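Q: Compute the structure for the input listed below.
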Amino acid sequence: MTKKIHTITCAAQVEKLGEIAEFVEECAECFGLDVKRAFGLQVAVEEAFVNICSYAYPEGGGDATMTASAEEDCLVLEITDKGIPFNVLLLPDPDTSKDIAEREIGGLGGYFIRRLTDNVSYRRENEENILKLVLHRTGGS
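A: Numbers count the residues shown, from 1 in each chain. Sure thing, here's the model as predicted:
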């Protein structure tokens, strides 16, 4: 059974991160995620939103929509934008064998999104990017 919790739409601008963080915090609290899992969700959503802000709308002026729902024991958050097609999940994992000082800056977004959620998927539908993040209420899958 799916129960919609909340939806937010805002301009795809990094300045909107505060609104996004409040939205995610409210959803996590409403669903009953523990602090550690809620923090992981915050990081994953922030990474996804910053990617949208940075790359989805090269000409500017686009929006991102986030819809949270509860499906059984899972919190499901879908992040949608009408920007250029981009699957953050296709980005390779960073090379963690190098010392941190030797690594290139960036490239951790997709890695964090994959690691901090129990399930994540991407699809392109009706000219929209849809990133689906799933977290189980009580821990990894």
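
Q: Would you check that residue 75 makes contact with residue 28?
A: Yes - at 7.0 Å, residue 75 counts as touching residue 28 under the criterion of CB atoms under 8 Å. To be clear about C-beta, it is placed using only N, CA and C from the backbone, and glycine gets the same treatment.

Q: what about residue 114, neighbour count?
A: By other CB atoms under 10 Å, the residues close to residue 114 number 15.

Q: Repeat that for residue 21.
A: Neighbours around residue 21, by other CB under 10 Å: 14.

Q: how much space between the most centrally placed residue in the chain and residue 127?
A: Geometric centre of the chain, nearest residue: residue 45, 3.0 Å, by CA atoms, centre = their mean. To residue 127, residue 45 is 22 Å away according to CB to CB, to the nearest Å.

Q: one step back: so the residue nearest to the centre of the chain versus residue 6, what's the distance?
A: Applying CB to CB to residue 45 and residue 6 gives a distance of 13 Å.

Q: Excluding chain neighbours, what is closest to residue 116?
A: Spatial nearest neighbour of residue 116, chain neighbours left out: residue 40 (3.7 Å); criterion: CB to CB, 6 or more residues apart in numbering.

Q: Could you do residue 34 as well?
A: residue 138 (7.8 Å).

Q: My guess is that neighbour contacts residue 73. True?
A: Yes - assessed by CB under 8 Å, residue 138 is found in contact with residue 73 at 7.1 Å.

Q: helix or strand for the residue nearest to residue 116, which one?
A: helix 35-51 (DSSP states H and E).

Q: Output the contacting helices and strands for the helix or strand just after that helix.
A: Following helix 35-51 in sequence order, the next helix or strand is strand 63-71 (DSSP H and E). Packing partners of strand 63-71 (3 or more CB pairs under 8 Å, 6 or more residues apart in numbering; DSSP states H and E): strand 2-11, helix 17-31, strand 74-81.
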